[in-house]
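*Asks:* pasting a predicted model and its sequence here:
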Amino acid sequence: MASAPRPPSKETAADPIHYVDWLTLLGFMPQDEALKLIRTQNVVLTDDWNAIIRGARDVANQVSGRMECRPEVKQVDEKYRDRFLEFKSEPTFKQHSAGMQSMDFALVELSKIHTYQTMINNEYVDVLAKKAPDPDDLEGALKFSLPTESEKPRPQVVTSFNPSTNTFSAVSDNLDLRILANTHAEDPVNHTPIAGFYYGFALPQITVVEFKGLSILKNGYHRACALLRKGHRFLPCLLGKTEMFQVTGAQVPGAFPSSTMFSDKSPILSDFETGAAVLVPRRRVKVMATIHAEVQVVPL
């Protein structure tokens with residue numbers, strides 16, 4: 001596969017602390033949308049970007065017949081079925097299976113899985129690829145792709161509380177930090193009412209969803225790309241089937257539109273390793289979740 005071209009912008013070389021390259025499937029976007037996406041990354045636009053986008057689009061324009069691109073699916077060896085049963089007993093399994101007609105344990109051909117995500121952090125994929133098991137290590141791949149509750153990584157979070165503003169903050173390098181849900185409770189001793197929020201990270205297990213004949217990667221993009229880069233042919237995953245588009249995850253902001261996803265030029269995971277993908281520098285960021293409480297006097 002052809003390697004992605006280096007971006008003409010030198011921000012990453014000049015300021016590697018603040019910038020990192022993201023592989024971006026610009027070839028599957030209209031020229032003006034690709035330029036708009038680059039502009040949002042605070043990259044200085046030059047005529048070189050137009051040329052690079054045209055080159056990526058030339059590669060993507062050679063793609064055809066993607067609606068018939070179906071990955072091979074294999075069953076996981078029976079000796080590993082206990083791992084799936086363990087998943088089913090964990091509370092998070094309900095989140096994986098919500099809206100699914102069925103949910104199973106499977107090995108799905110990596111290169112032919114369809115993608116709605118437009119970009120991946122190339123540096124992070126390289127880091128994960130170094131940690132990934134060898135292609136002949138199925139047990140290691142299962143733990144890498146489908147960690148149980150006891151195996152899943154624990155991202156570092158720095159927390160603080162500002163008593164002057166009654167604001168709680170949680171900061172992490174992990175971009176999956178998010179507010180998960182709200183909660184209402186009561187202090188068991190003095191029965192004071194309690195209101196608050198759960199915060200945490202996205203589900204750690206990789207999920208592929210079959211929808212209208214397409215096998216779409218729902219979550220776990222960086223680990224899936226790391227396994228592909230390491231030379232794995234199959235992705236251990238939870239494989240769901242649904243008739244509801246919103247269950248695929250492809251409705252999130254910034255995803256490829258459904259008109260692209262369900263076309264003969266639908267992008268697949270292996271496109272990240274071709275000239276249809278361009279390295280675009282983005283500012284390094286942290287994610288901060290904040291929860292603020294206050295009492296207001298409301299006039300009648």
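*Replies:* All right, it came through fine. The model shown is predicted, which means the values in this text are computed figures rather than measured ones.
*Asks:* the strands in the stretch 151-300 of the chain, which residues?
*Replies:* 158-162, 167-172, 178-186, 193-200, 207-211, 214-219, 234-241, 278-283, 287-292 (DSSP state E, counting those that start in this stretch).
*Asks:* over to the stretch 1-150 of the chain?
*Replies:* 19-24, 73-75, 102-109, 119-121.
*Asks:* who are the contact partners of Phe28?
*Replies:* Shown in contact with Phe28 (Cβ atoms under 8 Å, 6 or more residues apart in numbering): 60, 118, 256, 260, 265, 267, 271, 276. (Glycine included, C-beta is placed from N, CA and C.)
*Asks:* so which of the residues you listed wins on neighbours?
*Replies:* The residue in the contacts of Phe28 with the most neighbours, by other Cβ atoms under 10 Å, is Ala276 (28 neighbours).
*Asks:* pretty sure it sits against Arg54.
*Replies:* No - using Cβ atoms under 8 Å, Ala276 makes no contact with Arg54, being 11.9 Å away.
*Asks:* ok, now which ones touch Asn190?
*Replies:* Here Asn190 is in contact with no residue (Cβ under 8 Å, 6+ apart).
*Asks:* got the confidence number for it?
*Replies:* Asn190 carries a pLDDT value of 88.
*Asks:* and it, how close does it get to Ile206?
*Replies:* From Asn190 over to Ile206 the distance is 45 Å, taken as Cβ to Cβ, to the nearest Å.
*Asks:* could you pull out the helices in the protein for me?
*Replies:* 11-14, 31-40, 47-61, 81-89, 93-97, 122-131, 138-145, 221-230, 258-261 (DSSP state H).
*Asks:* quick one: contacts for the nearest residue to Asp271 once chain neighbours are set aside?
*Replies:* Excluding its sequence neighbours, the residue lying closest to Asp271 (Cβ to Cβ, 6 or more residues apart in numbering) is Leu25, at 5.9 Å. For Leu25, the contact set (Cβ under 8 Å, 6+ apart) comprises 56, 60, 115, 118-119, 256, 267, 271-272, 276-277.
*Asks:* with mean neighbour count added, can I get the strands of the stretch 151-300 of the chain in CSV?
*Replies:* Output for the strands of the stretch 151-300 of the chain, formatted as CSV (neighbours: other Cβ atoms under 10 Å):
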stretch, mean neighbour count
strand 158-162, 11
strand 167-172, 16
strand 178-186, 11
strand 193-200, 12
strand 207-211, 23
strand 214-219, 23
strand 234-241, 24
strand 278-283, 21
strand 287-292, 14
